[in-house]
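Peer 1: need the 3D shape of this:
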Amino acid sequence: MNWKFEETEIEGCYLISNPIFADSRGSFSETYKESIFESLGLPKMVQDNHLLTTKGGIRAMHWQEGAFAQAKLINLVQGEIFDAVYDLRPNSKSFKKLVTFTLDDSSPLLYVPEGCAHGFQGVSNFSIVHYKTNKEYRADSQRAFHWSDPTSGIDWPISPAIVSEKDGLAPSLESILKNV
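Peer 2: Numbering: from 1, shown residues only. Prediction:
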């Protein structure tokens with residue numbers, strides 16, 4: 001089986017099926033191979049992040065701007081999450097488009113291009129998410145819009161949500177779109 005890249009409704013956002021080899025011992029898979037991503041014109045990944053999220057926990061809706069804008073390669077290691085991607089790139093054919101996915105540990109990888117806000121909510125009791133980025137994190141370039149902004153169209157599946165103070169204080173999507 002070869003790597004398969006399926007473009008979503010957001011330009012440059014892919015669900016990526018990678019080969020998984022299984023036998024009586026368990027399974028093995030490559031979750032990133034620079035030469036394959038490079039052949040498709042996708043950026044080299046330089047930072048890895050590991051998240052444990054509890055049921056109802058929301059980590060949303062974040063992106064980085066400017067020289068530190070990040071593409072992300074999301075791999076759900078364990079559990080289940082509801083994932084949201086919102087395109088904030090004014091020159092994109094999918095500007096202001098939202099796509100959502102329910103991902104579990106058998107789902108494809110999710111590639112989120114630079115310029116898109118990304119977030120997720122834990123659906124199972126706990127979820128382990130591993131993701132790579134093509135730029136290192138810089139707090140001064142991180143941006144967010146309010147996780148529950150109704151104009152985003154995101155219908156988070158679990159209520160009440162568990163949200164950080166920072167995400168709870170994020171500005172509206174409307175105010176973000178006025179400055180893009």
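Peer 1: please name the nearest non-neighbouring residue to the residue sitting nearest the centre point of the chain.
Peer 2: Central residue of the chain (C-alpha atoms, centre = their mean): residue 118, 4.6 Å from the mean position. Nearest residue to residue 118, sequence neighbours excluded (C-beta to C-beta, 6 or more residues apart in numbering): residue 112, at 4.9 Å. Quick note: C-beta positions are derived from backbone N, CA and C, even for glycine.
Peer 1: flag every buried residue along stretch 28-38.
Peer 2: residue 37 (16 or more other C-beta atoms under 10 Å).
Peer 1: who touches that stretch?
Peer 2: 3, 18-22, 43-45, 73, 75, 109, 130, 132 (C-beta atoms under 8 Å, 6 or more residues apart in numbering).
Peer 1: repeat that with 7 Å
Peer 2: 3, 18, 19, 20, 21, 44, 45, 73, 75, 109, 132 (C-beta atoms under 7 Å, 6 or more residues apart in numbering).
Peer 1: can I get whatever helix or strand the residue nearest to the centre of the chain lives in in CSV? Just the C-alpha atoms.
Peer 2: Using DSSP states H and E, residue 118 falls within strand 116-122. Output of strand 116-122 as CSV, limited to C-alpha atoms (Å, rounded to 0.1, in the frame of the first residue of the first chain):
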residue,chain,number,x,y,z
CYS,A,116,-5.7,27.8,8.7
ALA,A,117,-7.1,27.8,12.3
HIS,A,118,-7.1,24.4,13.9
GLY,A,119,-8.7,22.9,17.0
PHE,A,120,-10.2,19.8,18.4
GLN,A,121,-12.3,18.4,21.3
GLY,A,122,-11.7,15.2,23.1
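Peer 1: give the other helices and strands that that strand contacts.
Peer 2: strand 57-64, strand 80-87 (3 or more C-beta pairs under 7 Å, 6 or more residues apart in numbering; DSSP states H and E).
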